[in-house]
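In: Based on what follows, work out the 3D shape:
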Amino acid sequence: MISKKAKYALKALRVLSKHYDSSTILTIGDIATEENLPKRFLEAILLELRKDGILESTQGKHGGYFLKVP
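Out: Numbering: from 1, shown residues only. Okay, the predicted model is just below:
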């Protein structure tokens, strides 16, 4: 059995992978809405994935997350 954190991480990665080819940068809100996930918990998960080198992020008005590798 996997943890809720791992399930949320996989769901977020699935959303990000669907948008990989279009080079779309997704906000935490976009991902949370698409998969019905809590934003606060998702934010911590995405930060961890970024630190692990799986995701990249940009800051600012049009900031968000995207997959670092295919």
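
In: What lies in contact with the helix of greatest length in the chain?
Out: Ranked by residue count under DSSP state H, the longest helix found in the chain is helix 4-18. Applying CB atoms under 8 Å, 6 or more residues apart in numbering, the contact partners of helix 4-18 are 26, 30-31, 34-35, 37, 41-42, 45-46, 48-49, 54-55, 65-67. Any C-beta I mention is one placed from the backbone N, CA and C, and that applies to glycine too.

In: pLDDT averaged over it - what is it?
Out: For helix 4-18, mean pLDDT rounds to 94.

In: residue boundaries of the strands in the chain?
Out: For the chain, the strands defined by DSSP state E occupy 55-58, 64-67.

In: how much space between Glu48 and Lys5?
Out: Going from Glu48 to Lys5 by CB to CB, to the nearest Å gives 9 Å.

In: for Leu67, same thing?
Out: Using CB to CB, Leu67 is found at 19 Å from Lys5.

In: what's the first-to-last distance across stretch 55-70?
Out: One end of stretch 55-70 sits 10 Å from the other (CA to CA, to the nearest Å).
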